[in-house]
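>>> For reference, the sequence and a predicted model appear below.
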Number of protein chains: 2
Amino acid sequence: MKSISYLSHLSVDNVIFGYHNKQLKVLLMKLRNNGHWMLPGGFVKEDESILNAAKRVAHERTGLDQLYLNQFKTYGDPQRNKDSRIEKQKVYQKYTFDQKEVNIVDSYFVSIGYYTLTEFSKVEIQLGPVDEDCQWFALDEIPHLLYDHNQLIKDALIALRFHVDHYPIGKKLLEKKFTMPEIQALYETILEKSIDRRNFSKKIMKSGILIKLDEQRNIGAHRAPYLYTFHEEKYAEALQNGIASFF
Amino acid sequence: MKSISYLSHLSVDNVIFGYHNKQLKVLLMKLRNNGHWMLPGGFVKEDESILNAAKRVAHERTGLDQLYLNQFKTYGDPQRNKDSRIEKQKVYQKYTFDQKEVNIVDSYFVSIGYYTLTEFSKVEIQLGPVDEDCQWFALDEIPHLLYDHNQLIKDALIALRFHVDHYPIGKKLLEKKFTMPEIQALYETILEKSIDRRNFSKKIMKSGILIKLDEQRNIGAHRAPYLYTFHEEKYAEALQNGIASFF
(Lines give C-alpha, C1' and ligand atoms only; values in the text may rest on other atoms or scores of the structure.)
Protein backbone atom coordinates (compact mmCIF):
# COMPACT_ATOMS: atom_id res chain seq x y z
CA MET A 1 0.00 0.00 0.00
CA LYS A 2 1.40 3.33 -1.04
CA SER A 3 1.51 5.63 1.94
CA ILE A 4 -0.13 9.02 1.58
CA SER A 5 1.91 12.05 2.50
CA TYR A 6 0.34 14.91 4.39
CA LEU A 7 1.52 18.45 5.00
CA SER A 8 3.02 18.59 8.47
CA HIS A 9 1.76 21.00 11.14
CA LEU A 10 -1.53 21.50 9.35
CA SER A 11 -5.11 20.29 9.69
CA VAL A 12 -8.59 21.29 8.66
CA ASP A 13 -11.54 21.06 11.05
CA ASN A 14 -15.07 21.15 9.77
CA VAL A 15 -18.16 22.35 11.64
CA ILE A 16 -20.91 20.61 9.64
CA PHE A 17 -24.32 22.16 10.26
CA GLY A 18 -27.70 20.63 9.51
CA TYR A 19 -31.12 22.15 10.13
CA HIS A 20 -33.86 19.89 11.42
CA ASN A 21 -37.08 20.42 13.37
CA LYS A 22 -36.29 24.11 13.90
CA GLN A 23 -32.97 23.17 15.44
CA LEU A 24 -29.45 23.71 14.20
CA LYS A 25 -27.35 20.58 14.59
CA VAL A 26 -23.64 19.84 14.32
CA LEU A 27 -22.10 16.59 13.13
CA LEU A 28 -19.62 15.21 15.65
CA MET A 29 -17.42 12.13 15.56
CA LYS A 30 -15.82 9.94 18.18
CA LEU A 31 -12.33 8.63 17.54
CA ARG A 32 -11.95 4.87 17.85
CA ASN A 33 -10.60 3.74 21.26
CA ASN A 34 -10.58 7.29 22.52
CA GLY A 35 -14.06 7.93 23.80
CA HIS A 36 -14.07 11.68 23.18
CA TRP A 37 -16.32 13.52 20.79
CA MET A 38 -14.70 15.96 18.41
CA LEU A 39 -15.20 17.80 15.16
CA PRO A 40 -14.57 15.84 11.98
CA GLY A 41 -11.19 16.95 10.70
CA GLY A 42 -8.21 15.75 8.80
CA PHE A 43 -4.81 16.48 7.44
CA VAL A 44 -4.05 18.02 4.08
CA LYS A 45 -2.56 15.78 1.41
CA GLU A 46 0.47 17.04 -0.46
CA ASP A 47 -1.50 17.26 -3.69
CA GLU A 48 -4.73 18.65 -2.24
CA SER A 49 -5.98 22.19 -1.63
CA ILE A 50 -7.12 23.11 1.87
CA LEU A 51 -10.68 23.56 0.56
CA ASN A 52 -10.67 20.09 -0.96
CA ALA A 53 -9.34 18.64 2.30
CA ALA A 54 -12.31 20.20 4.12
CA LYS A 55 -14.71 18.92 1.43
CA ARG A 56 -13.23 15.44 1.75
CA VAL A 57 -13.79 15.49 5.54
CA ALA A 58 -17.45 16.44 4.98
CA HIS A 59 -17.95 13.97 2.13
CA GLU A 60 -16.54 11.06 4.14
CA ARG A 61 -19.21 11.58 6.85
CA THR A 62 -22.23 12.82 4.88
CA GLY A 63 -21.83 11.13 1.51
CA LEU A 64 -22.66 14.50 -0.06
CA ASP A 65 -20.86 16.57 -2.67
CA GLN A 66 -21.72 20.08 -3.82
CA LEU A 67 -21.78 21.33 -0.26
CA TYR A 68 -21.52 24.97 0.77
CA LEU A 69 -18.29 25.50 2.71
CA ASN A 70 -17.02 28.69 4.26
CA GLN A 71 -13.62 29.21 5.82
CA PHE A 72 -14.10 31.05 9.11
CA LYS A 73 -10.80 31.19 11.00
CA THR A 74 -7.32 29.71 11.16
CA TYR A 75 -5.90 28.75 14.54
CA GLY A 76 -2.19 28.57 15.25
CA ASP A 77 -0.49 28.84 18.58
CA PRO A 78 2.26 26.62 20.02
CA GLN A 79 0.27 26.45 23.28
CA ARG A 80 -2.84 25.26 21.47
CA ASN A 81 -3.89 21.70 22.34
CA LYS A 82 -0.56 21.09 24.03
CA ASP A 83 -2.06 18.97 26.79
CA SER A 84 -4.14 16.75 24.58
CA ARG A 85 -1.50 16.11 21.96
CA ILE A 86 -0.06 13.06 23.64
CA GLU A 87 -3.48 11.51 24.02
CA LYS A 88 -4.28 11.97 20.37
CA GLN A 89 -0.92 10.59 19.39
CA LYS A 90 -1.68 7.38 21.25
CA VAL A 91 -4.91 6.99 19.32
CA TYR A 92 -3.34 7.63 15.98
CA GLN A 93 -0.50 5.25 16.71
CA LYS A 94 -3.06 2.48 17.02
CA TYR A 95 -4.92 3.42 13.87
CA THR A 96 -2.30 5.19 11.90
CA PHE A 97 -2.15 5.30 8.12
CA ASP A 98 1.56 5.81 8.19
CA GLN A 99 4.26 6.98 10.57
CA LYS A 100 4.30 10.48 9.11
CA GLU A 101 0.80 11.15 10.33
CA VAL A 102 1.83 10.38 13.89
CA ASN A 103 4.58 12.96 13.68
CA ILE A 104 2.06 15.54 12.52
CA VAL A 105 -0.02 15.05 15.62
CA ASP A 106 3.00 15.23 17.90
CA SER A 107 3.82 18.87 17.13
CA TYR A 108 2.38 22.38 17.15
CA PHE A 109 -0.17 22.46 14.42
CA VAL A 110 -2.20 25.03 12.64
CA SER A 111 -5.85 24.29 12.01
CA ILE A 112 -7.99 25.87 9.33
CA GLY A 113 -11.64 26.05 10.40
CA TYR A 114 -14.44 25.61 7.86
CA TYR A 115 -18.15 25.41 8.37
CA THR A 116 -20.39 23.47 6.01
CA LEU A 117 -24.11 23.80 5.43
CA THR A 118 -26.00 20.61 4.63
CA GLU A 119 -29.59 19.71 3.93
CA PHE A 120 -30.26 17.51 6.95
CA SER A 121 -32.66 15.14 5.21
CA LYS A 122 -30.12 14.30 2.52
CA VAL A 123 -27.31 13.36 4.90
CA GLU A 124 -26.74 9.64 5.37
CA ILE A 125 -24.17 9.50 8.09
CA GLN A 126 -21.16 7.31 7.37
CA LEU A 127 -18.14 6.62 9.52
CA GLY A 128 -14.85 8.20 8.48
CA PRO A 129 -11.58 6.24 8.42
CA VAL A 130 -10.79 6.78 12.14
CA ASP A 131 -14.35 7.09 13.47
CA GLU A 132 -15.94 4.86 16.07
CA ASP A 133 -19.15 6.89 15.91
CA CYS A 134 -20.60 9.90 14.11
CA GLN A 135 -23.83 11.67 15.06
CA TRP A 136 -25.83 14.89 14.92
CA PHE A 137 -25.95 16.98 18.09
CA ALA A 138 -28.31 19.86 18.72
CA LEU A 139 -26.42 23.02 19.71
CA ASP A 140 -27.58 22.84 23.31
CA GLU A 141 -26.54 19.20 23.62
CA ILE A 142 -22.94 19.43 22.49
CA PRO A 143 -20.68 17.60 24.96
CA HIS A 144 -17.19 18.63 26.03
CA LEU A 145 -15.08 18.10 22.93
CA LEU A 146 -11.44 17.25 22.42
CA TYR A 147 -8.96 20.15 22.15
CA ASP A 148 -10.45 23.59 21.51
CA HIS A 149 -13.27 22.21 19.36
CA ASN A 150 -16.04 23.72 21.53
CA GLN A 151 -14.44 27.10 20.80
CA LEU A 152 -14.34 26.31 17.09
CA ILE A 153 -18.09 25.67 17.11
CA LYS A 154 -18.65 28.99 18.89
CA ASP A 155 -16.53 30.80 16.31
CA ALA A 156 -18.25 29.00 13.43
CA LEU A 157 -21.64 30.07 14.83
CA ILE A 158 -20.50 33.69 15.10
CA ALA A 159 -19.33 33.51 11.49
CA LEU A 160 -22.57 31.85 10.38
CA ARG A 161 -24.72 34.42 12.22
CA PHE A 162 -22.71 37.26 10.77
CA HIS A 163 -23.07 35.65 7.38
CA VAL A 164 -26.83 35.11 7.68
CA ASP A 165 -27.31 38.71 8.70
CA HIS A 166 -25.56 40.05 5.62
CA TYR A 167 -25.75 37.42 2.93
CA PRO A 168 -28.55 35.16 1.71
CA ILE A 169 -28.68 31.76 3.28
CA GLY A 170 -30.97 28.78 3.10
CA LYS A 171 -30.29 27.27 -0.28
CA LYS A 172 -28.31 24.43 1.26
CA LEU A 173 -30.40 24.19 4.43
CA LEU A 174 -33.98 24.23 3.14
CA GLU A 175 -35.83 22.08 0.64
CA LYS A 176 -36.23 23.54 -2.84
CA LYS A 177 -39.70 24.92 -2.07
CA PHE A 178 -40.66 26.31 1.30
CA THR A 179 -43.17 28.55 3.00
CA MET A 180 -42.41 32.00 4.41
CA PRO A 181 -42.80 30.72 8.01
CA GLU A 182 -40.30 27.96 7.21
CA ILE A 183 -37.55 30.27 6.00
CA GLN A 184 -38.30 32.68 8.85
CA ALA A 185 -37.92 29.83 11.35
CA LEU A 186 -34.51 29.03 9.84
CA TYR A 187 -33.36 32.62 10.27
CA GLU A 188 -34.73 32.77 13.80
CA THR A 189 -32.96 29.54 14.70
CA ILE A 190 -29.59 30.66 13.41
CA LEU A 191 -29.85 34.20 14.76
CA GLU A 192 -31.34 32.94 18.03
CA LYS A 193 -33.93 35.69 18.13
CA SER A 194 -37.51 36.11 17.05
CA ILE A 195 -38.13 38.39 14.12
CA ASP A 196 -41.32 40.32 13.48
CA ARG A 197 -43.26 38.37 10.83
CA ARG A 198 -44.23 41.26 8.59
CA ASN A 199 -40.83 42.89 8.91
CA PHE A 200 -39.09 39.67 7.92
CA SER A 201 -41.30 39.08 4.91
CA LYS A 202 -40.96 42.69 3.75
CA LYS A 203 -37.18 42.74 4.06
CA ILE A 204 -36.51 39.40 2.45
CA MET A 205 -38.86 40.11 -0.46
CA LYS A 206 -37.21 43.50 -0.95
CA SER A 207 -33.80 41.80 -1.18
CA GLY A 208 -35.07 40.05 -4.30
CA ILE A 209 -33.66 36.62 -3.49
CA LEU A 210 -37.06 34.91 -3.23
CA ILE A 211 -39.62 34.07 -5.89
CA LYS A 212 -43.23 33.58 -4.79
CA LEU A 213 -44.58 30.52 -6.60
CA ASP A 214 -48.11 30.11 -7.87
CA GLU A 215 -48.38 27.09 -5.67
CA GLN A 216 -49.73 26.54 -2.17
CA ARG A 217 -49.23 23.85 0.41
CA ASN A 218 -52.27 22.44 2.14
CA ILE A 219 -51.51 22.11 5.81
CA GLY A 220 -55.02 22.08 7.25
CA ALA A 221 -58.47 23.58 7.02
CA HIS A 222 -58.27 27.04 5.46
CA ARG A 223 -54.48 26.92 5.76
CA ALA A 224 -52.59 26.85 2.51
CA PRO A 225 -49.52 29.07 2.62
CA TYR A 226 -47.80 30.00 -0.62
CA LEU A 227 -44.54 28.37 -1.52
CA TYR A 228 -41.36 30.24 -2.32
CA THR A 229 -38.08 29.33 -3.92
CA PHE A 230 -34.75 31.09 -4.36
CA HIS A 231 -34.12 33.33 -7.35
CA GLU A 232 -30.91 31.71 -8.62
CA GLU A 233 -29.32 34.83 -10.12
CA LYS A 234 -30.33 37.26 -7.41
CA TYR A 235 -29.19 34.78 -4.80
CA ALA A 236 -25.77 34.44 -6.43
CA GLU A 237 -25.51 38.20 -6.78
CA ALA A 238 -26.42 38.77 -3.14
CA LEU A 239 -23.88 36.14 -2.11
CA GLN A 240 -21.31 38.30 -3.86
CA ASN A 241 -22.42 41.74 -2.75
CA GLY A 242 -24.32 41.22 0.48
CA ILE A 243 -27.83 42.34 1.34
CA ALA A 244 -27.21 44.71 4.23
CA SER A 245 -25.04 47.73 4.71
CA PHE A 246 -24.88 50.36 7.40
CA PHE A 247 -23.82 53.40 5.40
CA MET B 1 24.72 31.46 15.40
CA LYS B 2 21.81 29.33 16.48
CA SER B 3 19.57 28.69 13.54
CA ILE B 4 15.90 29.49 13.91
CA SER B 5 13.44 26.80 12.97
CA TYR B 6 10.27 27.65 11.09
CA LEU B 7 7.13 25.64 10.49
CA SER B 8 7.33 24.16 7.02
CA HIS B 9 4.67 24.79 4.36
CA LEU B 10 3.40 27.87 6.16
CA SER B 11 3.70 31.62 5.84
CA VAL B 12 1.88 34.76 6.91
CA ASP B 13 1.35 37.69 4.53
CA ASN B 14 0.41 41.08 5.83
CA VAL B 15 -1.52 43.79 3.99
CA ILE B 16 -0.49 46.87 6.01
CA PHE B 17 -2.84 49.81 5.43
CA GLY B 18 -2.18 53.45 6.19
CA TYR B 19 -4.49 56.41 5.60
CA HIS B 20 -2.97 59.63 4.31
CA ASN B 21 -4.30 62.63 2.38
CA LYS B 22 -7.66 60.95 1.88
CA GLN B 23 -5.95 57.96 0.32
CA LEU B 24 -5.62 54.41 1.52
CA LYS B 25 -2.07 53.15 1.11
CA VAL B 26 -0.45 49.73 1.33
CA LEU B 27 3.09 49.04 2.49
CA LEU B 28 5.01 46.97 -0.04
CA MET B 29 8.53 45.59 0.01
CA LYS B 30 11.03 44.59 -2.63
CA LEU B 31 13.16 41.51 -2.02
CA ARG B 32 16.88 42.07 -2.34
CA ASN B 33 18.29 41.04 -5.75
CA ASN B 34 14.86 40.16 -7.00
CA GLY B 35 13.37 43.40 -8.25
CA HIS B 36 9.74 42.47 -7.62
CA TRP B 37 7.42 44.21 -5.22
CA MET B 38 5.48 42.03 -2.84
CA LEU B 39 3.58 42.05 0.44
CA PRO B 40 5.67 41.91 3.60
CA GLY B 41 5.43 38.35 4.85
CA GLY B 42 7.34 35.75 6.74
CA PHE B 43 7.46 32.27 8.09
CA VAL B 44 6.19 31.13 11.45
CA LYS B 45 8.74 30.22 14.09
CA GLU B 46 8.28 26.97 15.95
CA ASP B 47 7.60 28.82 19.20
CA GLU B 48 5.46 31.61 17.77
CA SER B 49 1.73 31.94 17.19
CA ILE B 50 0.53 32.86 13.69
CA LEU B 51 -0.79 36.18 15.03
CA ASN B 52 2.60 37.02 16.53
CA ALA B 53 4.30 36.11 13.26
CA ALA B 54 2.03 38.61 11.46
CA LYS B 55 2.72 41.23 14.16
CA ARG B 56 6.46 40.66 13.81
CA VAL B 57 6.24 41.20 10.04
CA ALA B 58 4.43 44.52 10.61
CA HIS B 59 6.71 45.58 13.46
CA GLU B 60 9.86 44.94 11.42
CA ARG B 61 8.69 47.41 8.74
CA THR B 62 6.77 50.04 10.73
CA GLY B 63 8.53 50.05 14.10
CA LEU B 64 5.07 50.03 15.69
CA ASP B 65 3.54 47.75 18.29
CA GLN B 66 -0.07 47.70 19.47
CA LEU B 67 -1.33 47.49 15.92
CA TYR B 68 -4.78 46.35 14.91
CA LEU B 69 -4.54 43.10 12.95
CA ASN B 70 -7.32 41.10 11.41
CA GLN B 71 -7.02 37.67 9.82
CA PHE B 72 -8.94 37.70 6.56
CA LYS B 73 -8.27 34.48 4.65
CA THR B 74 -6.00 31.47 4.45
CA TYR B 75 -4.72 30.35 1.05
CA GLY B 76 -3.65 26.80 0.32
CA ASP B 77 -3.51 25.10 -3.02
CA PRO B 78 -0.70 22.98 -4.49
CA GLN B 79 -1.05 24.97 -7.73
CA ARG B 80 -0.64 28.28 -5.90
CA ASN B 81 2.52 30.19 -6.78
CA LYS B 82 3.91 27.13 -8.51
CA ASP B 83 5.61 29.09 -11.26
CA SER B 84 7.26 31.65 -9.05
CA ARG B 85 8.54 29.24 -6.42
CA ILE B 86 11.86 28.58 -8.09
CA GLU B 87 12.52 32.27 -8.46
CA LYS B 88 11.88 32.93 -4.82
CA GLN B 89 14.03 30.00 -3.85
CA LYS B 90 16.98 31.52 -5.71
CA VAL B 91 16.57 34.75 -3.79
CA TYR B 92 16.33 33.05 -0.43
CA GLN B 93 19.32 30.87 -1.18
CA LYS B 94 21.39 34.03 -1.46
CA TYR B 95 20.05 35.60 1.71
CA THR B 96 18.94 32.64 3.67
CA PHE B 97 18.89 32.45 7.43
CA ASP B 98 19.31 28.73 7.36
CA GLN B 99 18.87 25.85 4.98
CA LYS B 100 15.48 24.93 6.41
CA GLU B 101 13.96 28.15 5.18
CA VAL B 102 14.96 27.33 1.62
CA ASN B 103 13.11 24.05 1.84
CA ILE B 104 10.01 25.87 2.98
CA VAL B 105 9.99 27.99 -0.13
CA ASP B 106 10.54 25.02 -2.37
CA SER B 107 7.22 23.33 -1.61
CA TYR B 108 3.46 23.87 -1.64
CA PHE B 109 2.77 26.33 1.10
CA VAL B 110 -0.22 27.67 2.90
CA SER B 111 -0.38 31.38 3.56
CA ILE B 112 -2.42 33.05 6.25
CA GLY B 113 -3.49 36.56 5.22
CA TYR B 114 -3.74 39.37 7.78
CA TYR B 115 -4.46 43.01 7.29
CA THR B 116 -3.10 45.65 9.64
CA LEU B 117 -4.34 49.18 10.27
CA THR B 118 -1.69 51.78 11.06
CA GLU B 119 -1.70 55.47 11.78
CA PHE B 120 0.24 56.69 8.75
CA SER B 121 1.97 59.60 10.50
CA LYS B 122 3.42 57.33 13.16
CA VAL B 123 5.00 54.85 10.77
CA GLU B 124 8.74 55.20 10.25
CA ILE B 125 9.50 52.74 7.51
CA GLN B 126 12.36 50.36 8.20
CA LEU B 127 13.76 47.61 6.02
CA GLY B 128 13.03 44.04 7.07
CA PRO B 129 15.72 41.33 7.08
CA VAL B 130 15.37 40.45 3.38
CA ASP B 131 14.18 43.84 2.05
CA GLU B 132 15.94 45.94 -0.53
CA ASP B 133 13.20 48.56 -0.36
CA CYS B 134 9.94 49.21 1.47
CA GLN B 135 7.42 51.94 0.55
CA TRP B 136 3.82 53.06 0.72
CA PHE B 137 1.73 52.69 -2.44
CA ALA B 138 -1.65 54.28 -3.03
CA LEU B 139 -4.25 51.68 -4.01
CA ASP B 140 -4.38 52.88 -7.61
CA GLU B 141 -0.59 52.77 -7.95
CA ILE B 142 0.06 49.20 -6.85
CA PRO B 143 2.38 47.45 -9.33
CA HIS B 144 2.23 43.84 -10.42
CA LEU B 145 3.27 41.91 -7.33
CA LEU B 146 4.99 38.57 -6.85
CA TYR B 147 2.78 35.46 -6.57
CA ASP B 148 -0.92 36.06 -5.91
CA HIS B 149 -0.25 39.12 -3.76
CA ASN B 150 -2.40 41.44 -5.89
CA GLN B 151 -5.29 39.06 -5.16
CA LEU B 152 -4.46 39.15 -1.45
CA ILE B 153 -4.76 42.95 -1.45
CA LYS B 154 -8.14 42.68 -3.21
CA ASP B 155 -9.34 40.17 -0.62
CA ALA B 156 -8.00 42.27 2.26
CA LEU B 157 -9.87 45.29 0.89
CA ILE B 158 -13.11 43.31 0.62
CA ALA B 159 -12.63 42.20 4.23
CA LEU B 160 -11.79 45.74 5.35
CA ARG B 161 -14.84 47.20 3.55
CA PHE B 162 -17.07 44.56 5.01
CA HIS B 163 -15.58 45.28 8.39
CA VAL B 164 -15.96 49.05 8.11
CA ASP B 165 -19.59 48.67 7.12
CA HIS B 166 -20.44 46.62 10.19
CA TYR B 167 -17.92 47.43 12.87
CA PRO B 168 -16.42 50.69 14.09
CA ILE B 169 -13.16 51.67 12.50
CA GLY B 170 -10.81 54.60 12.67
CA LYS B 171 -9.17 54.31 16.05
CA LYS B 172 -5.96 53.08 14.47
CA LEU B 173 -6.25 55.17 11.30
CA LEU B 174 -7.16 58.64 12.63
CA GLU B 175 -5.50 60.96 15.11
CA LYS B 176 -6.99 60.97 18.60
CA LYS B 177 -9.19 63.99 17.87
CA PHE B 178 -10.81 64.60 14.50
CA THR B 179 -13.60 66.50 12.84
CA MET B 180 -16.77 64.94 11.44
CA PRO B 181 -15.65 65.63 7.84
CA GLU B 182 -12.35 63.87 8.60
CA ILE B 183 -13.92 60.64 9.81
CA GLN B 184 -16.45 60.79 6.99
CA ALA B 185 -13.60 61.13 4.46
CA LEU B 186 -11.99 58.02 5.95
CA TYR B 187 -15.20 56.02 5.54
CA GLU B 188 -15.70 57.32 2.01
CA THR B 189 -12.13 56.40 1.10
CA ILE B 190 -12.40 52.86 2.37
CA LEU B 191 -15.90 52.25 1.04
CA GLU B 192 -15.07 54.02 -2.23
CA LYS B 193 -18.37 55.86 -2.31
CA SER B 194 -19.64 59.22 -1.20
CA ILE B 195 -22.00 59.24 1.75
CA ASP B 196 -24.64 61.88 2.42
CA ARG B 197 -23.18 64.23 5.06
CA ARG B 198 -26.21 64.43 7.31
CA ASN B 199 -26.97 60.75 7.00
CA PHE B 200 -23.41 59.83 7.96
CA SER B 201 -23.35 62.10 10.98
CA LYS B 202 -26.75 60.88 12.16
CA LYS B 203 -25.88 57.22 11.82
CA ILE B 204 -22.48 57.37 13.41
CA MET B 205 -23.71 59.46 16.35
CA LYS B 206 -26.60 57.05 16.84
CA SER B 207 -24.13 54.15 17.04
CA GLY B 208 -22.71 55.80 20.17
CA ILE B 209 -19.05 55.26 19.31
CA LEU B 210 -18.22 58.99 19.07
CA ILE B 211 -18.01 61.68 21.74
CA LYS B 212 -18.42 65.29 20.65
CA LEU B 213 -15.77 67.33 22.46
CA ASP B 214 -16.24 70.85 23.76
CA GLU B 215 -13.39 71.87 21.52
CA GLN B 216 -13.22 73.33 18.04
CA ARG B 217 -10.50 73.53 15.44
CA ASN B 218 -9.93 76.85 13.72
CA ILE B 219 -9.44 76.18 10.04
CA GLY B 220 -10.29 79.63 8.63
CA ALA B 221 -12.58 82.60 8.91
CA HIS B 222 -15.88 81.52 10.46
CA ARG B 223 -14.83 77.90 10.12
CA ALA B 224 -14.26 76.07 13.37
CA PRO B 225 -15.66 72.53 13.25
CA TYR B 226 -16.11 70.63 16.49
CA LEU B 227 -13.71 67.86 17.36
CA TYR B 228 -14.74 64.31 18.15
CA THR B 229 -13.05 61.34 19.74
CA PHE B 230 -13.94 57.69 20.17
CA HIS B 231 -15.93 56.51 23.17
CA GLU B 232 -13.57 53.78 24.41
CA GLU B 233 -16.17 51.48 25.92
CA LYS B 234 -18.82 51.87 23.23
CA TYR B 235 -16.15 51.39 20.59
CA ALA B 236 -14.95 48.15 22.21
CA GLU B 237 -18.55 46.97 22.58
CA ALA B 238 -19.36 47.73 18.95
CA LEU B 239 -16.19 45.91 17.87
CA GLN B 240 -17.63 42.89 19.64
CA ASN B 241 -21.26 43.12 18.56
CA GLY B 242 -21.24 45.12 15.35
CA ILE B 243 -23.19 48.24 14.48
CA ALA B 244 -25.37 47.05 11.63
CA SER B 245 -27.75 44.20 11.13
CA PHE B 246 -30.28 43.42 8.44
CA PHE B 247 -32.94 41.64 10.48
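Perfect, thanks for sending it.

>>> Just the angle for the longest helix that chain A contains relative to helix B:149-166, thanks.
As assigned by DSSP state H, the longest helix anywhere in chain A is helix A:149-166. If you take axes from the mean of the first three to the mean of the last three Cα atoms, to 10 degrees, helix A:149-166 sits at 80 degrees to helix B:149-166.

>>> Name the residues of helix A:149-166 that are buried.
Within helix A:149-166, the residues that count as buried by 16 or more other Cβ atoms under 10 Å in any protein chain shown are A:149-150, A:152-153, A:155-157, A:159-161, A:163-166. For glycine as for every other residue, the C-beta is placed from the backbone atoms N, C-alpha and C.

>>> Residues in contact with that helix: which ones?
Residues from elsewhere that reach helix A:149-166 (Cβ atoms under 8 Å, 6 or more residues apart in numbering or on different chains): A:13, A:15, A:17, A:26, A:38-39, A:70, A:72-73, A:75, A:111, A:113, A:115, A:139, A:142, A:144-145, A:169, A:187, A:190-192, A:242-244, B:162, B:166, B:242, B:245-247.

>>> Now stretch A:126-141: buried residues?
A:128, A:130-131, A:134, A:136-137.

>>> From those, which land in strands?
Counted as lying in strands by DSSP state E, out of those, are A:131, A:134, A:136-137.

>>> Out of these, which comes closest to B:K122?
Within these, proximity to B:K122 (Cβ to Cβ) peaks at A:F137, which comes in at 48.3 Å.

>>> check contacts around the closest one.
Here A:F137 is in contact with A:25-28, A:37, A:143 (Cβ under 8 Å, 6+ apart).

>>> mind running it again at 7 Å?
By Cβ atoms under 7 Å, 6 or more residues apart in numbering or on different chains, the contact list for A:F137 reads A:25-26, A:28.

>>> Can you list the low-confidence ranges for chain A?
A:1-3, A:81-107, A:244-247 (pLDDT under 70).

>>> Looks to me like A:E48 is in a strand.
No. A:E48: not assigned to a strand; according to DSSP: H, G, I helix; E, B strand; the rest coil it is coil.

>>> Quick check on it: phi, psi?
phi -130, psi 140 (degrees, to the nearest 10).

>>> Just give the closest residue to it, not the sequence neighbours.
Spatial nearest neighbour of A:E48, excluding adjacent residues (Cβ to Cβ, 6 or more residues apart in numbering or on different chains): B:P78 at 7.0 Å.

>>> Tell me the secondary structure of that neighbour, please.
coil.

>>> Then A:D65?
With three-state DSSP as the criterion, A:D65 reads coil.

>>> Can you tell me, leaving aside adjacent residues, what's nearest to it?
A:H59 (6.2 Å).

>>> Heading C-terminal from the helix or strand hosting the one you found, find the next helix or strand.
Per DSSP states H and E: A:H59 is located in helix A:50-62. Per DSSP H and E, the first helix or strand lying C-terminal to helix A:50-62 is strand A:68-75.

>>> Need the contact partners of stretch A:47-59.
In contact with stretch A:47-59 (Cβ under 7 Å, 6+ apart) are residues A:12, A:14, A:16, A:40-42, A:44-45, A:65, A:67, A:69, A:112, A:114, A:116, B:74, B:76-78, B:110.

>>> need the residues of chain A near chain B, please.
For chain A, the residues found near chain B under the criterion Cβ under 7 Å from any Cβ of the partner chain are A:7-10, A:44, A:46-47, A:49-50, A:71, A:73-74, A:76-78, A:108, A:110, A:112, A:165-166, A:187, A:191, A:195, A:200, A:203, A:243-247.

>>> So which of the contacts of A:F137 belong to strands?
A:25-26, A:28.

>>> Could you export those as JSON lines, including neighbour count?
Output for these, formatted as JSON lines (neighbours: other Cβ atoms under 10 Å in any protein chain shown):
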{"residue": "A:K25", "neighbour count": "21"}
{"residue": "A:V26", "neighbour count": "24"}
{"residue": "A:L28", "neighbour count": "24"}
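
>>> Tell me where chain A has strands.
Counting by DSSP E, the strands of chain A are A:6-20, A:23-31, A:37-38, A:41-45, A:68-75, A:110-118, A:131-138, A:178-179, A:210-216, A:226-230.

>>> Distance from the chain centre to the last one, please.
When distances are taken as Cα atoms, centre = their mean, to the nearest Å, strand A:226-230 is centred 24 Å away from the chain's centroid.

>>> how far away is A:L227 from chain B?
Relative to chain B, A:L227 is positioned 22 Å away (Cβ to the nearest Cβ, to the nearest Å).

>>> beta partners for that residue?
Counting by DSSP bridges, A:L227 is bridged to A:T179.

>>> Burial check on it, number of neighbours?
A:L227 has 19 neighbours, counted by other Cβ atoms under 10 Å in any protein chain shown.

>>> pretty sure it contacts A:K177?
Yes. Here A:L227 reaches A:K177: they are 4.4 Å apart, a contact under Cβ atoms under 7 Å.

>>> Now do the shared contacts for those two.
Joint contacts of A:L227 and A:K177 (Cβ under 7 Å, 6+ apart) are A:L213.

>>> mind giving me the domain split of chain A?
When chain A is parsed with automatic domain parsing, its domains come out as A:6-166, A:178-241.

>>> hey, which of those is tucked in deepest?
domain A:6-166 (a mean of 18; mean count of other Cβ atoms under 10 Å in any protein chain shown).

>>> Show me how far it is from its chain's centre.
Worked out by Cα atoms, centre = their mean, domain A:6-166 lies 9 Å from the chain centre.

>>> Next, count neighbours for A:P168.
Neighbours of A:P168 under the rule other Cβ under 10 Å: 22.

>>> partners of A:H20 in the sheet?
Beta-bridge partners, per DSSP bridges, of A:H20: A:Q23.

>>> Alright, I will stop here.
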